[in-house]
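Novice: Show me how the following folds:
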Amino acid sequence: MTKTYIAAGSIALASIATAQSLFVEDPNENQGDSLPIQYSLTAGLGYDDYFTSDVESEGSSSVYANAALGANYVNASPQTTWKVGAYLSANKYFEDDRGSTGVYYNARLNLDLNHRISDRTRFVSSNYVNYGIEPNYSFTFTPDRAPSEHIFYSLDNAVGHRWTQRLATYTGVRVSGVDYHGGNRNQDRLTYGFYHNFRYSVSQHTTATANFAYNRTDASGSAGNADDARFSLGLERRLSKSSFFTAQVGTTYRDVDGGKDGYYNPYVTAALNTRVNNQLNLRTFVRYGVENYGTSQGINTYDTNSALRIGLSANYTVSPKLSLNAGVNYISYNYSDGRDVSTNTSIGDADSSLINPSIGFSYRLNDNTSINGSYNYTDSSSDLSSDYERNRVQLGVTRTF
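Specialist: Numbering: from 1, shown residues only. Coordinates of the predicted model:
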């Protein structure tokens, strides 16, 4: 089955004071104010015309009931800022294609920490764990049609130091992985490595970067373990008080155990976060590079998965009570350097693509209660699995306290 993923936090851009541009990539730089713990409780109904929890089965139509509980907390001080978020939801599908209870869970826990050791040095930590079966393009490398519940986790810890008024560095370690709980363990992945970034303030609003990252991926299934070393040059530009642009261009040197070794792949990423006016906010990103996910296909494996990801999200405030949101994700995979691991013979390339637009609204009845709804469409085509279209509609009520 084809795997289609989107990187966690790809459109989460920093929003900070220009005077501290050397630390612009830290998402917690603008600590803001402490917020007491806030809970949200949601209940709703939905309809899914292509739900499946079995890799081998076709999707089926089903009405489902949804219940969710969320919590957020922010503690900010002049020296340390930390943020905690948690989310738990359950969907009850009244027609389930694998004959179980029809109840599926999604959960998420995230922790962000920014500790200012001194005026020149800080420790930055960004961590999350996501569990579930449904696609969540903001928090996981979730496949477009989940074969089973799985855990995706990411731990990122770094030390930033400002050496001069213009030069700073970030040095950190990252660990991430996906662990499937069902019969799809051949797609389990564990990636760990380190990175070092040089940051030079060209002007009050512009920072140039030189970046190096090394990652080792332990792969299950037919795929070989892989080493990736990425080099890139970047530019970060504050266009206005509420608009920020970032981009990197570079190359990845890749070596796959038992497969293709010593070759290069291009790497490009760019993102824009902007407030167009008092009502409209836009976030968009594009990224192209090699990935290790979804490369095991039975006895076949692909050493190279070149992925193009494009995302756009928009939020529009119609009135103090009504807000609208919309977004679209586009993902294109080109699988190449394929081989049959049992005979070590080469196989042909394969392509997969997915487009996922969505729209939604939230209408506030009072300070603590709102009605919300969403429509989500997915169109997936692949040389490795059946093409399909999926429509999901949900309407619910959210209470905050």
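
Novice: so how far is R254 from the closest residue to Y335 other than its chain neighbours?
Specialist: The shortest distance from Y335 to any non-neighbouring residue, by C-beta to C-beta, 6 or more residues apart in numbering, is to Y302 (3.9 Å). Every residue, glycine included, has its C-beta placed from N, CA and C. With the distance defined as C-beta to C-beta, to the nearest Å, Y302 ends up 12 Å from R254.

Novice: Pick out whichever of the two has more residues nearby.
Specialist: Just comparing Y302 and R254: by other C-beta atoms under 10 Å the higher neighbour count belongs to Y302, 26 against 22.

Novice: thinking in terms of the whole chain, how far from its middle is the helix-or-strand element of the chain with minimal mean pLDDT?
Specialist: Using mean pLDDT, DSSP states H and E, the weakest-scoring helix or strand in the chain turns out to be strand 296-297, at a mean of 88. From the chain centre to the centre of strand 296-297 is a distance of 22 Å (C-alpha atoms, centre = their mean, to the nearest Å).

Novice: In this structure R185 contacts V178, no?
Specialist: No. With contacts counted by C-beta atoms under 8 Å, R185 stays clear of V178, the gap being 10.3 Å.

Novice: These two: who's more crowded?
Specialist: Neighbour comparison, R185 and V178: the larger count goes to V178, with 23 against 14 (by other C-beta under 10 Å).

Novice: So what sits opposite the more buried one in the bridge?
Specialist: V178 forms beta bridges with F152, R189, as assigned by DSSP bridges.

Novice: show me what contacts F212?
Specialist: Taking C-beta atoms under 8 Å, 6 or more residues apart in numbering as the definition of contact, the neighbours of F212 are Y195, H196, N197, A229, R230, F231.

Novice: quick revisit: tell me the strands beside the least confident helix or strand of the chain, with direction?
Specialist: In the sheet containing strand 296-297, its partner strands are strand 300-317 (antiparallel), by DSSP bridges.

Novice: Just the mean pLDDT for the strand it pairs with, thanks.
Specialist: Along strand 300-317, the predicted local confidence has a mean pLDDT of 94.

Novice: and that strand, how far out from the chain's middle?
Specialist: Here strand 300-317 is found 9 Å from its chain centre; the criterion is C-alpha atoms, centre = their mean.

Novice: next one: stretch 63-71
Specialist: 21 Å.

Novice: can you check stretch 360-379 too?
Specialist: Here stretch 360-379 is found 22 Å from its chain centre; the criterion is C-alpha atoms, centre = their mean.

Novice: in it, what's buried?
Specialist: Residues of stretch 360-379 classed as buried by neighbour count (16 or more other C-beta atoms under 10 Å): G360, F361, S362, R364, S370, N372, S374, N376, T378.

Novice: Could you pull up the contacting residues of the first one?
Specialist: Shown in contact with G360 (C-beta under 8 Å, 6+ apart): L324, N325, A326, N372, G373, S374, Y375.

Novice: what's the helix or strand for it?
Specialist: Secondary-structure assignment from DSSP states H and E places G360 in strand 350-364.

Novice: Can you list the strands that that strand pairs with?
Specialist: When sheet partners are counted by DSSP bridges, strand 350-364 sits next to strand 322-340 (antiparallel), strand 369-382 (antiparallel).

Novice: C-terminal to the first one, what's the next element?
Specialist: Elements were assigned by DSSP H and E; along the chain past strand 322-340, the next helix or strand is strand 345-347.
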